[in-house]
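Q: With the input below, show me the fold.
(2 chains)
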Amino acid sequence: MTLTRLRGFQDLYGAHAAAFSRVEECTRRIAARYAFGEIRLPLLEHVELYRRSTGETSDVVEKQMYAFADRDEAETMIALRPEGTPSVVRAYIEAGLDRSDPEQRFYYTGPMFRRERPQKGRYRQFYQFGVEVFGRADAATDAELLIMIDDLRRELALELMTEVNSLGCGECRPAYRARLLEYGRAHLGELCKDCHARLERNPLRILDCKIDVKLAEGAPKALDHLCAACRKHFDTVVDLIAKAGVPHVVNPRIVRGLDYYTRTAFEVTSSAVGAQSAVVAGGRYDGLVEALGGASVPGTGFAIGVDRMALALEATGKATSAEGPIAIITMGDDAMRRGIELAHELRSRGLNVALLSPERGLKALLKRADKIGASHAVIIGPDELARGGAQLRDLAQSQQREVRLEDIAAALSASAKPD
RNA sequence: GUGAGUGUAGCUCAGUUGGCAGAGCACCGGGUUGUGGCCUCGGUGGUCGAGGGUUCAAGUCCCUUCACUCACCCCA
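A: Below is the predicted model:
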């Protein structure tokens, strides 16, 4: 086999595709219920967009983007989108909404691309469903997002845990950051090699190091250094989700690297999907719109890792059992011609119909009908055709009777009703 | 980018000290002239990941390489 899919890219079919569709369908439905409108975005953007939003020094921008020169315009560097938020913010500003109509609620869904080393729940083309709210700085909006995610958890019957934290704002974070840096430098000898690099580049990240767990636990917490306004915002969010019955824990080690993230940060995790356990991540980014050249408008949102959510759904073992089709089995050329007419008639009534091969034997075709999960088989042979009828076989009950061809649809509709 | 594990039939895997490449499942057919699942009999199906080496002889030993999986790293 010389033609294979690229590393880290997936072909999705059967149960996997069904789980994906189920997650996407469910998220769309819930987003509409929360008054979000869809935004459809390009797969390609200027590299510059990600440099300025995701961050010049982030691994995503530095090492993981599929970036290349646009054909015939070598000076224009473009990239396959590694995430959705920058495009949404760019579109929002580009449409002038930040000035003309700042309060907006968008959702998007689709593939993202990052050239990482693949592992369970992490692929080079992965799918995200995300929402962004602009123009709302209140805690109720943050809480609503968490409640919305919990609706999804309930509808998919998943076991997930929501972890929340607050990162503070421009007022209180600089002082906290300095305290953390001080703490890190004081314990330099005890920190792992990766954390030495983190300390300089992105000090908050030492908090979620998997090696220096003990040290991270003893580190100063952002929650203990919040200004009064941030404290009140955070307490309100936690209070609101608690009252809404959202299972959650406060985790001071939930962090974000870049300065435009403010206040609320959260992750939702599943224990069923491997080491890459975050199925949702989100939070507030009051500085992002302005950082990308727009007005000073607050923002908050989240993105769901559809791949991981689908994995979690499949792990429950009760993903979906699609309704089986009606199998039409014909013997002989005349029967085949009548069979394809009947198939069309049944389909026009909304039934799911599989017209089986006219070139194989009855025994093989019944076996085939069984394999594809057909509920009924309609068997038309020369004898039946001569009488203007067909055998209608209930495959689960192993019972069959002859029905006139014009009555098949009614008979099938009647037997489908009791469910 | 780093590390570990695994590559043998479509799938899951066995293969002893180096000695004729196997099983189960799946697929196709017979047992049943037009009736599925269960049973039974048979059949199709192989670049043993690839390349090189050692040997009378390599799936098995050595070297190189590729791929997959998981974890690290990173993570809107």
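
Q: And what about the nearest residue to A:Leu207 once chain neighbours are set aside, helix, strand or coil?
A: For A:Leu207, ignoring the flanking residues on the chain, the nearest one in space by C-beta to C-beta, 6 or more residues apart in numbering is A:Arg253 at 4.5 Å. C-beta: built from backbone N, CA, C; applies to glycine. Put simply, A:Arg253 is coil when judged by DSSP: H, G, I helix; E, B strand; the rest coil.

Q: And A:Arg253, its phi and psi?
A: The phi/psi pair for A:Arg253 (degrees, to the nearest 10) reads phi -100, psi 0.

Q: That one: how many residues sit nearby?
A: 18 (other C-beta atoms under 10 Å).

Q: So is stretch A:101-120 next to RNA strand B?
A: Yes: Stretch A:101-120 reaches RNA strand B (C-beta under 7 Å from any atom of the strand) through A:Glu116, A:Arg117, A:Pro118, A:Gln119, A:Lys120.

Q: same for whichever helix in chain A runs longest, what does it pack against?
A: Identified as the longest helix of chain A according to DSSP state H is helix A:14-33. On a contact count with 3 or more C-beta pairs under 8 Å, 6 or more residues apart in numbering; DSSP states H and E, helix A:14-33 meets strand A:104-113, strand A:125-134, helix A:139-156, helix A:306-315.

Q: Partner strands of the first one and their direction?
A: Looking back up the chat, that one is strand A:104-113. Paired strands of strand A:104-113, with direction, are strand A:37-38 (parallel), strand A:125-134 (antiparallel) (DSSP bridges).

Q: Could you identify which of those is most buried?
A: strand A:125-134 (a mean of 23; mean count of other C-beta atoms under 10 Å).

Q: What parts of the stretch 151-300 of chain A come near RNA strand B?
A: Close to RNA strand B, as judged by C-beta under 7 Å from any atom of the strand, the stretch 151-300 of chain A has residues A:194, A:197-198, A:202, A:205, A:208-211, A:256-258, A:261, A:274-276, A:278, A:280-282, A:285.

Q: Return the subset of the residues you listed lying in strands.
A: A:Ala278, A:Val280, A:Ala281, A:Gly282 (DSSP state E).

Q: May I see the residues you listed arranged in JSON lines, with pLDDT and neighbour count as well?
A: What follows is these, written out as JSON lines (pLDDT from 0 to 100; neighbours: other C-beta atoms under 10 Å):
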{"residue": "A:Ala278", "pLDDT": "93", "neighbour count": "16"}
{"residue": "A:Val280", "pLDDT": "95", "neighbour count": "25"}
{"residue": "A:Ala281", "pLDDT": "94", "neighbour count": "19"}
{"residue": "A:Gly282", "pLDDT": "93", "neighbour count": "24"}
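
Q: A:Ser357 reaches A:Gly339, doesn't it?
A: No: between A:Ser357 and A:Gly339 there is no contact under C-beta atoms under 8 Å: 10.9 Å.

Q: hang on, the earlier thing: mark which of the residues of the stretch 151-300 of chain A next to RNA strand B are part of helices, please.
A: Reading helices off these with DSSP H, I get A:Asp194, A:Ala197, A:Arg198.

Q: who wins for neighbours among those?
A: A:Arg198 (21 neighbours).

Q: Give me the nearest residue to it, chain neighbours excluded.
A: In space, A:Arg198 is closest to A:Arg205, 4.4 Å off (C-beta to C-beta, 6+ apart).

Q: Neighbours of the one you found, how many?
A: 17.

Q: Might one say that it is in contact with A:Ala197?
A: No: the criterion here is C-beta under 8 Å, and A:Arg205 misses it with A:Ala197 at 9.3 Å.

Q: show me where pLDDT drops low in chain A?
A: A:1-2, A:257, A:318-322, A:416-419 (pLDDT under 70).

Q: Report the beta-bridge partners for the residue in it that RNA strand B sits nearest to.
A: Across chain A, the shortest distance to RNA strand B (C-beta to the nearest atom of the strand) belongs to A:Ala281, at 2.4 Å. For A:Ala281, the residues forming beta bridges with it (DSSP bridges) are A:Glu267, A:Ala303.

Q: ok now do it, which residues does it touch?
A: A:Ala281 makes contacts with A:Phe266, A:Glu267, A:Val268, A:Phe302, A:Ala303, A:Gly305, as judged by C-beta atoms under 8 Å, 6 or more residues apart in numbering.

Q: What of A:Gly170?
A: A:Thr262, A:Gly287 are the contacts of A:Gly170 under C-beta under 8 Å, 6+ apart.

Q: Distance-wise, check the residue nearest to A:Arg201 when sequence neighbours are not counted relative to A:Gly283.
A: Excluding the flanking residues, the one nearest A:Arg201 by C-beta to C-beta, 6+ apart is A:Thr57, at 6.3 Å. Per C-beta to C-beta, to the nearest Å, A:Thr57 is found 20 Å from A:Gly283.

Q: Against A:Glu182, how distant is the residue minimising distance to the centre of chain A?
A: In chain A, the centroid-proximal residue (C-alpha atoms, centre = their mean) is A:Val306; its distance is 2.4 Å. According to C-beta to C-beta, A:Val306 and A:Glu182 sit 41 Å apart.

Q: Repeat that for A:Phe113.
A: 39 Å.

Q: The two: which has the busier surroundings?
A: Ranked by neighbour count (other C-beta under 10 Å), A:Phe113 and A:Glu182 place A:Phe113 first, with 21 against 12.

Q: Run through the bridge partners of the more buried one.
A: A:Gln125.

Q: need the contact list for it.
A: By C-beta under 8 Å, 6+ apart, the residues touching A:Phe113 are A:Met65, A:Tyr66, A:Leu80, A:Arg81, A:Pro82, A:Arg124, A:Gln125, A:Phe126.
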